[in-house]
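sharing a model that was predicted from the sequence below.
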Amino acid sequence: MEYSKIIAVTGLGGLHELVGSKTDGAIVRSLDDQSTKFVSSRVHNFSHLESIEVFTTNDNVNLVDIFKAIENSKEALPDEKDAAAVKSYFEKVYPEIDFERVYSSDMKKMIKWFKVLKANNVEFKVTESEEDQEDAQAEEAVVEAAQPEKPAKAAEAPKPKKKAAKKKTEE
């Protein structure tokens, strides 16, 4: 299962996999009980986990960065019902979180979602957007332009020019 297909749906508990989309909603599969159903976009809002960011004392970070920090931590996961334990856990695992703007309910949700994602063997990996790929290509073009030109090989001959198509004359 891909991380890029995981969504949170308002009004529905837990996480869901986006199976298909329609003009008036989406077909989703619950990660908890694997049930599939249609969810109307007129009633519910959809949030891809890839698009969720968390407030920190510096720049905001993507939710996947928090999940990776939790995964790499040697600390045991706290009970998500104990707000004080959850806050102290995040102070150890990801101390850069802005605790004034990130509520304890958000941190509890992150712990709950992490457990669900691990139970479903979801790899924490963000797909590169088209803009990121275009930026990488632009950087490569700048690097190539900065390098001195290589001498042309003698074996390479210029390509012949294409001839224009002849116009038909009326008879």
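Yep, that arrived.

what segments of this protein are strands?
For the chain, the strands defined by DSSP state E occupy 6-9, 15-22, 25-30, 36-40, 46-48, 53-54, 61-62.

pull the contacting residues for the most centrally placed residue in the chain.
The centre of the chain sits closest to residue 50, judged by C-alpha atoms, centre = their mean, with a distance of 3.0 Å. By C-beta atoms under 8 Å, 6 or more residues apart in numbering, the contact list for residue 50 reads 3, 4, 62, 63, 64, 126, 127. For the C-beta atoms, the positions are set from N, CA and C on the backbone; glycine is no exception.

now the strands of the chain in CSV, with distance to residue 74 and mean neighbour count?
As requested, those are exported to CSV (distance: least, C-beta to C-beta, whole Å; neighbours: other C-beta atoms under 10 Å):
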stretch, distance to residue 74, mean neighbour count
strand 6-9, 25, 20
strand 15-22, 25, 16
strand 25-30, 31, 18
strand 36-40, 37, 13
strand 46-48, 30, 15
strand 53-54, 21, 16
strand 61-62, 21, 16
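
save the ones you listed as TSV, and put in mean pLDDT too.
Output for the strands of the chain, formatted as TSV (pLDDT from 0 to 100):
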stretch	mean pLDDT
strand 6-9	94
strand 15-22	92
strand 25-30	94
strand 36-40	94
strand 46-48	92
strand 53-54	94
strand 61-62	94
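
as a markdown table, those with distance to residue 114 would be great.
Formatted as a markdown table, the strands of the chain follow (distance: least, C-beta to C-beta, whole Å):
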| stretch | distance to residue 114 |
| --- | --- |
| strand 6-9 | 12 |
| strand 15-22 | 10 |
| strand 25-30 | 17 |
| strand 36-40 | 23 |
| strand 46-48 | 16 |
| strand 53-54 | 13 |
| strand 61-62 | 14 |
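
wait, which of those strands is closest to residue 119?
strand 15-22 (10.4 Å; C-beta to C-beta).

contact partners of the closest one?
1, 5-9, 26-32, 36, 38-39, 46, 48-49, 113, 116-117.

one more pass at 10 Å, please.
The contact list for strand 15-22, computed with C-beta atoms under 10 Å, 6 or more residues apart in numbering, reads 1-2, 4-9, 26-32, 34-41, 46, 48-49, 109, 112-113, 116-117, 120, 122.

again, but for stretch 95-113
6, 8, 13-15, 31, 49, 52, 54-61, 63, 65-67, 69-70, 77-87, 89-91, 94, 122.

surely residue 115 and residue 80 touch.
Yes. Contact criterion C-beta atoms under 10 Å: residue 115 and residue 80 qualify, at 8.0 Å.

in the chain, which ranges drop under the pLDDT threshold?
Low-confidence segments of the chain (pLDDT under 70): 128-171.
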